[in-house]
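Chemist: No letters, just coordinates:
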């Protein structure tokens with residue numbers, strides 16, 4: 001096995017445990033470094049993501065003005081029975097945001113995300129981030145992660 005890949009794999013379980021065993025973060029105390037984050041509602045882990053700037057990305061997930069939030073899109077799609085994402089014009093994010101019902105569901109989804117707890121682990125290595133995101137999504141069966149490229 002490639003040594004660099006082995007190092008990445010060896011870091012997964014310790015970082016996973018740090019993430020899931022951490023206390024939910026106050027939004028004002030989130031690091032600006034890169035890492036992996038986890039949204040939880042009650043006791044249900046719903047979505048894991050990765051980013052170069054945790055504070056900015058977590059804020060984007062719930063701010064009313066942000067449209068680059070796949071988790072909120074997934075929640076809104078689910079609520080409006082438009083569960084399948086597409087990279088074509090018909091059904092695209094841009095087109096969905098023109099639909100008044102979808103816009104309301106999208107705004108509600110971002111508000112819902114604001115009420116969720118969030119945990120994070122700092123991991124600035126992009127390869128370790130990518131593997132950890134997948135590992136956490138699989139280990140926790142987060143229902144709103146989708147690695148399908150359609």
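Modeler: In hand now; what should we look at? Nothing here was measured: the structure is a model prediction, and the numbers come from that model. Numbers count the residues shown, from 1 in each chain.
Chemist: For residue 60, which non-adjacent residue is closest in space?
Modeler: Spatial nearest neighbour of residue 60, chain neighbours left out: residue 66 (4.4 Å); criterion: C-beta to C-beta, 6 or more residues apart in numbering. In this view, the C-beta of every residue, glycine as well, is placed from N, C-alpha and C.
Chemist: same check, this time on residue 74
Modeler: Residue nearest to residue 74 in three dimensions, not counting chain neighbours: residue 144, with 4.7 Å by C-beta to C-beta, 6+ apart.
Chemist: on that earlier part again, could you look up the SS state of the residue nearest to residue 60?
Modeler: When classified by DSSP: H, G, I helix; E, B strand; the rest coil, residue 66 comes out as coil.
Chemist: For residue 56, see how far away it is.
Modeler: For residue 66, the distance to residue 56 equals 10 Å [C-beta to C-beta, to the nearest Å].
Chemist: hang on, the earlier thing: can you pull the contacts of the residue nearest to residue 74?
Modeler: Contacts for residue 144 (C-beta atoms under 8 Å, 6 or more residues apart in numbering) come out as 46, 47, 71, 74, 75.
Chemist: part of a strand, is the fourth one?
Modeler: Think residue 74. No. Using three-state DSSP, the assignment for residue 74 is helix, not a strand.
Chemist: Quick check: it touching residue 148?
Modeler: No. Using C-beta atoms under 8 Å, residue 74 is not in contact with residue 148; the gap is 11.8 Å.
Chemist: between the two, which one's more packed in?
Modeler: The residue with more neighbours, out of residue 74 and residue 148, is residue 74; 19 against 6, by other C-beta atoms under 10 Å.
Chemist: pLDDT score assigned to the most centrally placed residue in the chain?
Modeler: In the chain, the residue lying closest to the centroid (C-alpha atoms, centre = their mean) is residue 49, at 3.4 Å. pLDDT recorded at residue 49 is 96.
Chemist: Kindly report the same for residue 84.
Modeler: Looking at residue 84, the pLDDT reads 68.
Chemist: which residues touch residue 37?
Modeler: So residue 37 contacts 48, 49, 50, 51, 54, 57, 58, 118, 119, 120 (C-beta under 8 Å, 6+ apart).
Chemist: buried residues in the lowest-mean-pLDDT helix or strand in the chain?
Modeler: For the chain, counting by mean pLDDT, DSSP states H and E, helix 93-96 ranks last in confidence among helices and strands (a mean of 84). In terms of neighbour count (16 or more other C-beta atoms under 10 Å), helix 93-96 has its buried residues at 93, 96.
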